[in-house]
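**Student:** everything below, folded, please.
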Amino acid sequence: MEWTCRCGAFAAEVDIRRGIRAVCYCESCRDFARQTDAGGTLDEAGGSDLYQVAPEEVRFLKGGDGLAWIRLTEKGPARWYTTCCNTPVANTMPTPGIPFVTLMSHRFADPDALGPVRVRVHRRFATRRVPDDSAGTGALMRNFAVRALRSRLTGGWKRNPFFPDGAPIAQRTAAG
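**Tutor:** The predicted model follows:
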């Protein structure tokens, strides 16, 4: 399924067959949305709707040279965004060794096709009560572990568009 930035200069194709949809209520996800002028994409409790896949499930169609990334905390994820229109794109680890990509669900061509939210994490940081209709962090971690192990065993983790040849596609920028 196609994922595009607000202005259309960046596009990616994502195989959504093995991913998981989650909503994260952590302050860092909220800060990232606000810093990229995407605060309106947060749900009523301040949650960021995400779709997590293995890196080999993502292929850049155009505009990969227009990405940048920040880390809002020293141990936090690499948070990727477009430089053309400041659209938040994805979260990864700052190196390709731990294979995961979590894309912002709101820019998929058909977010409903991602299926229902299966996991809600960091509920304690929500700005209001959130439904207890999904699994928690443990389920997300189990799903990630299975996907990461498959990615490592098959070598798929080496096909990470954010880290071609093992190095980030873009330079890290200062948080703020």
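**Student:** where does this protein dip in pLDDT?
**Tutor:** Within the chain, the stretches with pLDDT under 70 are 133-134, 175-176.
**Student:** can you show me the helices along it?
**Tutor:** With helices called from DSSP state H, the chain shows them at 27-35, 137-154.
**Student:** tell me the most buried of those helices?
**Tutor:** Among the helices of the chain, ranked by average contacts under mean count of other CB atoms under 10 Å, first place goes to helix 27-35 (a mean of 19). (C-beta placed from N, C-alpha, C; glycine too.)
**Student:** can you name the residues that contact the closest residue to Gly64 other than its chain neighbours?
**Tutor:** Of all residues not flanking Gly64 in the chain, Ile169 sits nearest, at 5.7 Å (CB to CB, 6 or more residues apart in numbering). Neighbouring residues of Ile169 by CB atoms under 8 Å, 6 or more residues apart in numbering: 64-65, 67, 161-163.
**Student:** ok, of those residues, which one's closest to Asn143?
**Tutor:** Phe162 (19.9 Å; CB to CB).
**Student:** can you report how many residues lie near that closest one?
**Tutor:** 24 (other CB atoms under 10 Å).
**Student:** before we move on, the earlier item: of the contacts of Ile169, which belong to strands?
**Tutor:** Those of the contacts of Ile169 mapping onto strands are Leu67, per DSSP state E.
**Student:** closest one of the contacts of Ile169 to Val121?
**Tutor:** The closest of those, once distances to Val121 are taken by CB to CB, is Phe162, at 21.6 Å.
**Student:** quick check: closest non-adjacent residue to the closest one.
**Tutor:** Spatial nearest neighbour of Phe162, excluding adjacent residues (CB to CB, 6+ apart): Thr92 at 5.3 Å.
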